[in-house]
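Q: Build the 3D model from these lines:
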Amino acid sequence: MKKWIALLTIIPAIGSLTVINKIEPYVLGVPFIVFWSTAWLILTSVFLFICNAIYDKQGEKQ
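A: Down below sits the predicted model:
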C-alpha cells in the first residue's frame, strides 16, 4: 500500500516537468499550470484523508 501512495506522489512532478509546462491551454479561465497545481493540491488532501481513514480502520481491528 505504501508503494502505491509513493507512486501517486510522483505523478504531479513528472507531469509538471513534461506535459504541462505551457501557458496556452486555459481551463476554467486560468492557465493550465495554475489549474494543475490547484487540482493536485486538492487531490493530495483527498488522498491523505482516504489514507488516514484506511489506517484508522486498520488500527481499530488490531
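Q: Give me the distance between E24 and W36.
A: 13 Å (CB to CB, to the nearest Å). Backbone N, C-alpha and C define where each C-beta goes, glycine included.
Q: quick one, which of those two is more surrounded?
A: W36 (18 against 6; other CB atoms under 10 Å).
Q: any idea which helix or strand carries the more buried one?
A: helix 32-61 (DSSP states H and E).
Q: Same question for that helix: list its buried residues.
A: Buried residues in helix 32-61, defined by neighbour count with 16 or more other CB atoms under 10 Å: 32, 35-36, 40.
Q: So which other helices or strands are in contact with it?
A: For helix 32-61, the packing partners by 3 or more CB pairs under 8 Å, 6 or more residues apart in numbering; DSSP states H and E come out as helix 2-18.
Q: Tell me where the model's unsure across this structure.
A: 1-3, 5-6, 9, 12-13, 15-23, 58-62 (pLDDT under 70).
Q: okay, and the common contacts of E24 and W36?
A: Listed contacts common to E24 and W36 are nil; contacts here mean CB atoms under 8 Å, 6 or more residues apart in numbering.
Q: Now tabulate the buried residues of helix 32-61 in TSV and tack on distance to I10.
A: Formatted as TSV, the buried residues of helix 32-61 follow (distance: CB to CB, whole Å):
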residue	distance to I10
F32	20
F35	20
W36	15
W40	12
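Q: Looking at those, which one is closest to K57?
A: W40 (25.7 Å; CB to CB).
Q: For F47, see how far away the closest one is.
A: W40 sits 10 Å away from F47, going by CB to CB.
Q: Check I54 too.
A: On the measure of CB to CB, I54 and F47 end up 11 Å apart.
Q: Quick check: neighbours shared by these two?
A: Counting by CB under 8 Å, 6+ apart, nothing touches both I54 and F47.
Q: I'd like to know how far Y55 sits from I11.
A: For Y55, the distance to I11 - CB to CB - is 21 Å.
Q: With F35 instead?
A: 15 Å.
Q: Also L43?
A: On the measure of CB to CB, L43 and I11 end up 9 Å apart.
Q: quick revisit: which of the buried residues of helix 32-61 sits closest to L7?
A: W40 (14.2 Å).
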